[in-house]
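Engineer: Sequence and predicted structure are below.
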Amino acid sequence: MRSLKTSSLAALFALVATGAGAQMTKTLTGEMKTETATVEAIETSTREVTLKKSDGTYTVARVGKEIKRFDTLKVGDKITAKYYDNIVLRLKAPGEPDTDTKTASTTRAAEGQAAGTVGAQRTITATITAIDQSVPSITFKGPNNWTYTSRVEDKAALAKVKVGDRLDITWTAAMILSLDGQ
């Protein structure tokens, strides 16, 4: 969750353009995505599973010890993940303290069920460190020297923010994982 989508930045500037008297929080709702992958390799000592996604690319997932059915996975198993995320942007008042929090949760499937859930939320305060009207683009800096630069679609809205403005960015993600055929 270390990156923002360009569309989210465009929405931020639509938020800023509404003016000081308007609500200063914007939720950017994501969409439910479904991905099915095939187990290609299992490394039991590190609890890592190599998955081949439907587009042919590979990814490695580390399976936490809270997942009790890890030992039932086999090469060739199909895993389906339903994924949803959203982003909330909130302009901060001058002098308001910075935020840097993260939470995560895992829910195991009930006995005999093949699905479980994973959720995570991260909120950081980021400061606008650069604005380039010619591109147009904006650069943010957050905790641990996290930086992010993105194009912005709405030049007029970009003109309404300035270097030094701060905002809270909250990413929330949830995933339902199921082992197909069980």
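Structural biologist: Everything's here; your move. Numbering: from 1, shown residues only.
Engineer: Which elements pack onto the helix or strand containing residue 51?
Structural biologist: Assigned by DSSP states H and E, residue 51 belongs to strand 48-53. Here strand 48-53 touches strand 33-43, strand 58-62, going by 3 or more C-beta pairs under 8 Å, 6 or more residues apart in numbering; DSSP states H and E. Just so you know, the C-beta spots here come from the backbone N, C-alpha and C atoms, and that holds for glycine as well.
Engineer: Single out the most deeply packed of these.
Structural biologist: strand 33-43 (a mean of 15; mean count of other C-beta atoms under 10 Å).
Engineer: Which stretches in the protein count as strands?
Structural biologist: 25-29, 33-43, 48-53, 58-62, 78-91, 100-107, 115-132, 137-141, 147-151, 166-179 (DSSP state E).
Engineer: What residues of stretch 133-145 count as buried?
Structural biologist: Within stretch 133-145, the residues that qualify as buried by neighbour count (16 or more other C-beta atoms under 10 Å) are 136-140, 142.
Engineer: ok, those residues vs residue 73, which is closest?
Structural biologist: Closest to residue 73 out of the buried residues of stretch 133-145 is residue 142 (36.2 Å), distances taken as C-beta to C-beta.
Engineer: can you pull the contacts of the residue nearest to residue 50 when sequence neighbours are not counted?
Structural biologist: Nearest non-adjacent residue to residue 50, counting by C-beta to C-beta, 6 or more residues apart in numbering: residue 41, 4.0 Å away. By C-beta atoms under 8 Å, 6 or more residues apart in numbering, the contact set of residue 41 is 49-50, 75.
Engineer: Residue 65 too?
Structural biologist: Residues near residue 65 by C-beta under 8 Å, 6+ apart: residue 47.
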